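Asks: coords please:
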Amino acid sequence: MSKRTLAIIAGISAAAGAATTALIFSSRSEKQALSSAIPRQAPPSAPISAHPTPLKDIVAPVNPNGLFQYGFPGPVNDLHPTLSTTSAFDRRTRNPAWVAEHITPASLAASNADRKHSYFVEDITIPAKFRAKLSDYFRSGYDRGHQVPAADARWSQDALDQTFLLSNMCPQVGDGFNRDYWAHFEDFCRRLANNYPSIRIVTGPLYLPKKDPDDGKWKVSYEVIGNPPNISVPTHFYKVIFAEDGKTGGNVSLAAFVLPNAPIANDKPLLDFEVPLEAVERASGLEFAAKLPAQRRKKLCEEVHCTVIVRDYIDRQKNLMGQAPGKRPTSNSWKA
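Replies: Below you'll find the predicted structure:
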């Protein structure tokens, strides 16, 4: 693993004192975990059938699939498209597994909605026993944190209203994160529309391990809120950004970030939270760009300066797109 990758992962840990998954993402640990998961080869003395019976010729005395006559146990991820988002809801954590959005210069320039007319609402498309409820957040100490921000959907009041569904929310630390650094990060994503004609973003929660100081073992531990307690509080959040050049079969500039669900100093460089896309995939169990050929992939943070601009909430609302992230000099510019 390169020194840059190790520094990135270490930066995430230092951001809020929450150790992340440097060990999990290390190649050595991967190999050890992989080797332990693969069954050992049988010793030469073990009897091996040279002609195993074909499965089609075996008449089983049991039928495990008969259970399905009473219903399929799961897991079930509720796929939910709205005007401004497409998401998959994780019934176990009562949080979305991922929420996808699409922004363009035109969508951000439109101002046909006002969030003062929008209200947080429960998502009735999720079965009642699995959905997050307004009462679950009451006096929880956490914000109802938008995964797709309302400011990205001002092109329609209906679209903006749908970002207030609780299926688009996760418990987020308020001061220092949801109302501060995370908001600056969302602003950075919008400002990319000054450089690219189309930006697609996937956002979601993570539940990452940290090393137990007592026994040195890596463990996953997170709070659960609600009454009864049922909504998991993520330890981290990720964003995967696809900045498209607008051409059919054109280039796509990628970047992946993982931020701790904790207060972050406003002077913390955004690049400290950039991680390899594969790291987010391993941690989330999701795949984001399996069908995107390597020759079409570019590195976003090598094309623009991946930095946040610290501004008050009112200032962000006045000009959603703000100043474009500065483009990095080309190789010819460097020579000049």
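Asks: buried set for stretch 228-240?
Replies: Within stretch 228-240, the residues that count as buried by 16 or more other CB atoms under 10 Å are 230-240. Every C-beta, even on glycine, is put in place using the N, C-alpha and C of the backbone.
Asks: Out of the residues you listed, flag the one nearest to Leu166.
Replies: Set against Leu166, the nearest of those by CB to CB is Ile231 (9.2 Å).
Asks: Where do the strands of this protein begin and end?
Replies: With DSSP state E as the criterion, the chain has strands at 77-81, 86-90, 95-103, 143-146, 169-172, 198-206, 210-211, 218-219, 224-225, 231-232, 236-244, 252-260, 274-275, 297-299.
Asks: residue ranges with poor pLDDT in the chain?
Replies: Residue ranges of the chain with pLDDT under 70: 1-51, 312-322, 329-336.
Asks: pull the CA atoms of stretch 174-192 into PDB?
Replies: Coordinates of each C-alpha in stretch 174-192 appear next as PDB, following Å, rounded to 0.1, in the frame of the first residue of the first chain:
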ATOM      1  CA  GLY A 174     -25.000  18.500  14.700                       C
ATOM      2  CA  ASP A 175     -22.500  21.100  15.800                       C
ATOM      3  CA  GLY A 176     -19.200  20.700  14.100                       C
ATOM      4  CA  PHE A 177     -20.400  18.300  11.500                       C
ATOM      5  CA  ASN A 178     -23.900  18.300  10.000                       C
ATOM      6  CA  ARG A 179     -24.300  22.100  10.400                       C
ATOM      7  CA  ASP A 180     -20.600  22.800   9.700                       C
ATOM      8  CA  TYR A 181     -18.000  20.600   7.900                       C
ATOM      9  CA  TRP A 182     -20.500  18.300   6.300                       C
ATOM     10  CA  ALA A 183     -22.400  21.300   5.000                       C
ATOM     11  CA  HIS A 184     -19.200  22.800   3.600                       C
ATOM     12  CA  PHE A 185     -18.500  19.400   1.900                       C
ATOM     13  CA  GLU A 186     -22.000  19.500   0.300                       C
ATOM     14  CA  ASP A 187     -21.200  23.000  -0.900                       C
ATOM     15  CA  PHE A 188     -18.000  21.700  -2.600                       C
ATOM     16  CA  CYS A 189     -20.100  19.100  -4.500                       C
ATOM     17  CA  ARG A 190     -22.400  21.800  -5.800                       C
ATOM     18  CA  ARG A 191     -19.500  24.000  -6.900                       C
ATOM     19  CA  LEU A 192     -18.300  21.200  -9.100                       C
END
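Asks: quick one: contacts of it?
Replies: 103, 108, 142-143, 145, 149, 151-152, 172, 199, 201, 237, 239, 241, 243, 257, 259, 261-266, 268, 270, 304, 306-311, 313, 316, 320-325 (CB atoms under 8 Å, 6 or more residues apart in numbering).
Asks: By neighbour count, sort out the buried ones in the residues you listed.
Replies: By 16+ other CB under 10 Å, these give 103, 108, 142-143, 145, 149, 151-152, 172, 199, 201, 237, 239, 241, 243, 257, 259, 261-264, 268, 270, 304, 306, 308, 311, 316, 320, 322, 325 as buried.
Asks: Buried ones in stretch 176-184, by neighbour count?
Replies: 177-178, 180-184.
Asks: And Val310, how far from Arg328?
Replies: 21 Å (CB to CB, to the nearest Å).
Asks: Over to Asp272?
Replies: Asp272 is 18 Å from Arg328, by CB to CB.
Asks: neighbour-wise, which of these two wins?
Replies: Asp272 (17 against 13; other CB atoms under 10 Å).
Asks: Deepest-packed of the strands of the chain, please.
Replies: strand 169-172 (a mean of 25; mean count of other CB atoms under 10 Å).
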